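[1] Structural data only, the sequence is not supplied:
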């Protein structure tokens, strides 16, 4: 396969990240794989990118998305960064990911195209640079489900098998995921620049990131501070959207926090079933640092790491810079509360925020926790879409009293409850990637039944619709299965 043949697919790649100082990356070609095979191709996403693979044979595409062949215009690199992992700072980098470049879409947007699991790099340390098929299918499935839910996220273009084994707890099939993102710049990228490269390189990274993501910040008298405020607001909105659908990221290290405000790195992620703020599924989060209810405060903590890295660019005097950073950080709880109130208000049919709404939300969640209600079903019940029409325990006095408060609140302007409930339907998903169904689907797909994954993906990409699969995908696991469920990073 030559470069000319690939050029007809619509590739329009550039590599602006390589204009940064050389310490930010290393040139790195993907390691060839033995026998690549296509598993998944996201044709709608390809179309958005301006790519058309309809005329290409599967073997050609498998070579392309495995990294055995490179698209025209690519300049493969691996990015250097650092990060706080479970609170401890360490030097990191793309240990198994290679950035081919940025695809300029027909609309003029620049989106990173990255191969994940493409082999060892300068930053691999003791890692093998590879990825398992199950973990790459999980990222494909959950990232596309998050996109369907309207939550900012990296996306998945393709998955290919490598024809080679990967050694984890067990021997598993190897795979490569093609990931698309607004960028792969992380909080940890700024920590790396601040800790190891100095002020000049830190300023170069800031200027590049502002130009790429927050160009309006360049016009501010303090661009670094304006940039920080933008990132803080994006993160507050992102985590509020996670909380609204019961998403648990599982490993909110600073190297997994995108500056662009997208959900990134779907390792031990999962979705809440029974409402419990202390829920943890990740096998490596033994202290519960990244529990569902901790996610807002962890985002705040991560932003403090970003602020610390940016101190030299806030002000030349350190004491003044720290004061500026602290003032900026103090805005996070208020910004998160605003975004969370909006997200939860839409779920409850509240048209605008009023006094008493915060307690209306918190009181419902307290009842849901006490009754061990399914988080998704709680809101479906309120909008009249509960499977079977009943929520066990909804007849109890505490909930009945709450329901009367809510009914009076949402119908207080003379709008019928039925109309309120119709409006709620576009904010309360009927379908989420239930953990037990994700595991069953991945197990079937790894064994060769990829059709089951396509069917699951189809309904997860349309989570607010009622279709023929609705009853199946609203099933909840039995409590014994749920208590024993764990997720793993796949590295």
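    Happy to help now that I have it. This is a predicted model, so every value here is computed, not measured.
[2] residue ranges with poor pLDDT in the chain?
    1-5, 7, 466-473, 490-491 (pLDDT under 70).
[3] hmm, 90 instead?
    1-9, 125-127, 168-170, 267, 351-352, 385-390, 459, 461, 465-491 (pLDDT under 90).
[4] elements contacting the biggest helix by length in it?
    In the chain, with assignment by DSSP state H, the single longest helix is helix 223-245. Under the contact definition 3 or more Cβ pairs under 8 Å, 6 or more residues apart in numbering; DSSP states H and E, helix 223-245 sits against helix 199-213, helix 295-314, helix 318-329, helix 332-347. Quick note: C-beta positions are derived from backbone N, CA and C, even for glycine.
[5] So what touches the shortest one?
    Think helix 318-329. Contact with helix 318-329 is made by 222, 225, 228-229, 232, 300, 303-304, 307-308, 310-312, 314-315, as judged by Cβ atoms under 8 Å, 6 or more residues apart in numbering.
[6] And the residues you listed, which of them are buried?
    Buried members of the contacts of helix 318-329, counted by 16 or more other Cβ atoms under 10 Å: 225, 228-229, 232, 300, 303-304, 307-308, 310-312, 314-315.
[7] Tell me the one of those nearest residue 239?
    Closest approach to residue 239 among the buried ones among the contacts of helix 318-329 (Cβ to Cβ): residue 300, at 9.1 Å.
[8] contacting residues around the helix or strand where residue 399 lies?
    Counting by DSSP states H and E, the secondary-structure element that holds residue 399 is helix 397-410. Residues outside helix 397-410 that contact it (Cβ under 8 Å, 6+ apart): 348-350, 354, 356-357, 360, 363-364, 367, 371, 382, 393-394, 417, 420.
[9] let's see it at 6 Å
    349, 363, 367, 420 (Cβ atoms under 6 Å, 6 or more residues apart in numbering).
[10] Could you report the neighbour count for the closest residue to residue 243 other than its chain neighbours?
    What sits nearest to residue 243 in space, not counting adjacent residues and going by Cβ to Cβ, 6 or more residues apart in numbering, is residue 340, at 6.2 Å. A count of nearby residues for residue 340, using other Cβ atoms under 10 Å, gives 20.
[11] With distance to residue 98 added, can I get the helices and strands packed on helix 223-245 in CSV?
    Shown next, in CSV, are the helices and strands packed on helix 223-245 (distance: least, Cβ to Cβ, whole Å):
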stretch, distance to residue 98
helix 199-213, 19
helix 295-314, 25
helix 318-329, 34
helix 332-347, 34
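[12] Out of those, which one sits most buried?
    The highest mean neighbour count among those, using mean count of other Cβ atoms under 10 Å, belongs to helix 295-314: a mean of 20.
[13] what's that helix packed up against?
    Contacts defined by 3 or more Cβ pairs under 6 Å, 6 or more residues apart in numbering; DSSP states H and E place helix 295-314 against helix 187-192, helix 223-245, helix 318-329.
[14] Kindly reformat those as a markdown table containing distance to residue 267.
    Formatted as a markdown table, the helices and strands packed on helix 295-314 follow (distance: least, Cβ to Cβ, whole Å):
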| stretch | distance to residue 267 |
| --- | --- |
| helix 187-192 | 15 |
| helix 223-245 | 15 |
| helix 318-329 | 27 |
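[15] Would you mind saying which of those lies nearest residue 452?
    With respect to residue 452, and counting by Cβ to Cβ, the nearest of those is helix 223-245 at 22.9 Å.
[16] helix or strand right after the closest one?
    Scanning forward in sequence from helix 223-245 by DSSP H and E, the next helix or strand is strand 247-248.
[17] Run the chain-centre distance for that following strand.
    What separates the centre of strand 247-248 from the centre of its chain is 9 Å, taken as Cα atoms, centre = their mean, to the nearest Å.
[18] what about the longest strand in this structure?
    Criterion DSSP state E: the longest strand present in the chain is strand 155-167.
[19] What lies in contact with the helix or strand following that strand?
    Using DSSP H and E, the helix or strand that follows strand 155-167 towards the C-terminus is strand 171-181. Applying Cβ under 6 Å, 6+ apart, the external contacts of strand 171-181 come out as 65-66, 111-118, 130-133, 136, 139, 154-155, 157-162, 164-166.
[20] All set, thanks.
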